[in-house]
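Asks: build me a model:
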Amino acid sequence: MTDSTLTPPAADMMSFLSTTPEHKDSEYETPVHTSQRTELNVIVEDGPDSKLRLAEISAAANPLLAAARPLLCALAAMPAKLDAALVEPYRNLLVREMHLYQTLCDQANLRREHVLAVRYCLCTALDEAANNTTWGRRGVWAGKSLLVTFHGESEGGIKLFQIIGRLAASFQEHGNVLEVIYHLLGLGFEGRYSVQPDGRKQLDNIRQQLLTQLSQRRDPVMPALSPDFQGAISGRLRRMRRVPVWLSAGIALLAMLTLFGLYSHRMDVQTVTVQQHIDAIGIKLPPPPVPVHKLRLKILLANEIARGLLTVDEDDQHSRVVFRG
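Replies: Take a look at the predicted model:
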């Protein structure tokens, strides 16, 4: 780290983490009722899943981060409101989980100073988050803070950044601890920078420096999506690469011209047909002939014929009238 705010004092690294106050089980193992645990929605029981958690911790790329994950989740989900009757049970749940974290790390044979450093930082961040709530500001949490319970002190907001400075000098050796601290900063921990005018800017610089070194510590990202991929260089594809560009362009142009001529001819034929239908609309047809009815004597002498005075015999060529005397 190049930030002057992270320069460690001349002291033995991690010396202030090695002292853990003695506690009797009765001081932190206060029973937590099932109803309270359900309401708090925090799972910290050392139950059947301990072996599974231990296996996950041992197989994780960062065992410390895997072991601290439940406490990090508790930090992210710190309740903004909490009944006074639930404050003590909530603290007891966090204490139990902190002990479970310590037990699992010991069973996984993790480096003790790393385990203590992460525990120190977790206690500090959880205490700060609790003290920033309405129920934590009343002084209930300050008298029984996690940092006092596990490390016997209350200056975590200052010493956490000293831990960063001391461990950053050997980042490859202590990178797992610094990665957990990076997550704590990402979850809103501010420490001593919360009261400084440019505290937010300095915190952003610290996080950026941690992120840069964490990125360098991981495996580099390959520039190629598939570095072992080899395309086909023989057979048909190889012969196709020998075809000149101008020949391909000429074939494509010829195909386009052929299609253009075909569709143009079809359009001309359809245009002529449509034009003929349009022209036929304006032609006037002659009116149908009026039928001419030929005058017949039977029609003219119908009354006389009906009275029996005469008879008429006619066809298309002749007409004969016979009078009756």
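Asks: in stretch 51-63, what's buried?
Replies: Residues of stretch 51-63 classed as buried under the neighbour-count rule (16 or more other CB atoms under 10 Å) are 53-54, 56-57, 63. From N, CA and C alone the C-beta is placed, and that goes for glycine too.
Asks: of these, closest to residue 70?
Replies: For the buried residues of stretch 51-63, the minimum distance to residue 70 (CB to CB) is 8.6 Å, reached by residue 53.
Asks: contacts only, for the closest one.
Replies: By CB atoms under 8 Å, 6 or more residues apart in numbering, the contact list for residue 53 reads 67, 104.
Asks: give me the pLDDT value at it.
Replies: The pLDDT attached to residue 53 in the predicted structure is 88.
Asks: distance of it from residue 251?
Replies: Residue 53 sits at a distance of 67 Å from residue 251 (criterion: CB to CB, to the nearest Å).
Asks: all helices for the stretch 51-200 of the chain, in order.
Replies: 63-76, 84-107, 112-131, 146-151, 156-168, 171-186, 199-217 (DSSP state H, counting those that start in this stretch).
Asks: most packed of those?
Replies: Compared across these, helix 112-131 shows the largest average neighbour count, a mean of 23 (mean count of other CB atoms under 10 Å).
Asks: so where's the protein uncertain?
Replies: Within the chain, the ranges that satisfy pLDDT under 70 run 1-48, 139-140, 219-241, 282-286, 290-295, 325.
Asks: domain parsing for it?
Replies: 4-217, 295-325 (automatic domain parsing).
Asks: next, format these as TSV and append distance to residue 279.
Replies: Shown next, in TSV, are those (distance: least, CB to CB, whole Å):
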stretch	distance to residue 279
domain 4-217	80
domain 295-325	45
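Asks: identify whichever of those lies nearest to residue 277.
Replies: Nearest of the domains of the chain to residue 277, taken as CB to CB: domain 295-325 at 45.6 Å.
Asks: which helix is the longest one in the chain?
Replies: As assigned by DSSP state H, the longest helix anywhere in the chain is helix 245-281.
Asks: tell me the gap between that one and the middle of its chain.
Replies: Offset of helix 245-281 from its chain centre (CA atoms, centre = their mean, to the nearest Å): 50 Å.
Asks: what is the subsequent helix or strand relative to it?
Replies: helix 297-300 (DSSP states H and E).
Asks: which residues are contacting that following helix?
Replies: Here helix 297-300 makes contact (CB under 8 Å, 6+ apart) with 305, 312, 314, 319, 321.
Asks: could you pick out the buried ones from the residues you listed?
Replies: Buried by 16+ other CB under 10 Å: 305, 312, out of the contacts of helix 297-300.
Asks: now the two most distant members of the contacts of helix 297-300.
Replies: The distance between the two most remote of these (CB to CB) is 12.8 Å, for 305 and 319.
Asks: now for those two: what residues contact both?
Replies: Common contact partners of residue 305 and residue 319 (CB under 8 Å, 6+ apart): residue 312.
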